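Undergrad: only the shape, not the letters, is given here:
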């Protein structure tokens, strides 16, 4: 993860099968610069709650340029409850989740 870091870039790469228990299956950024995924392939990545590929909290812009993203997800429908039906219901950024 990038906490208080500069920009994060993934360039001309293949990223497959990454996961995170809670946030950002590939990139977790907080109080950081921009996150860019350029000319890359990202597949089968997931996060338990937010941002199957990118979770950006109080960070710069998130860009996916010339990249292919397939079969990525966030949230676990089996964890949904009546008290919080959305929070764990896959509603928070299957690919990108940004919090400002």
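TA: Right, received. Where do you want to start? In this text the structure is predicted, and so the values were computed from the model without any measurement. Numbers count the residues shown, from 1 in each chain.

Undergrad: pLDDT weak spots in the protein?
TA: For the chain, the stretches with pLDDT under 70 are 1, 76-92.

Undergrad: how close does residue 55 get to residue 12?
TA: Distance of residue 55 to residue 12, given as CB to CB, to the nearest Å: 23 Å. For glycine as for every other residue, the C-beta is placed from the backbone atoms N, C-alpha and C.

Undergrad: and residue 75, by the same measure?
TA: Taken as CB to CB, the span from residue 75 to residue 12 is 30 Å.

Undergrad: of the two, which one has the most company?
TA: residue 75 (22 against 10; other CB atoms under 10 Å).

Undergrad: just checking, the more buried one touches residue 23?
TA: No - taking contacts as CB atoms under 8 Å, residue 75 lies outside contact range of residue 23: 11.1 Å.

Undergrad: so what sits against both of these two?
TA: Counting by CB atoms under 8 Å, 6 or more residues apart in numbering, the common neighbours of residue 75 and residue 23 are 47-50.

Undergrad: farthest pair in those?
TA: 48 and 50 (8.4 Å; CB to CB).

Undergrad: ok, for residue 60, nearest residue in space, not its chain neighbours?
TA: For residue 60, ignoring the flanking residues on the chain, the nearest one in space by CB to CB, 6 or more residues apart in numbering is residue 34 at 3.6 Å.

Undergrad: spatially central residue in the chain, please.
TA: residue 54 (2.2 Å; CA atoms, centre = their mean).

Undergrad: no more questions from me, cheers.
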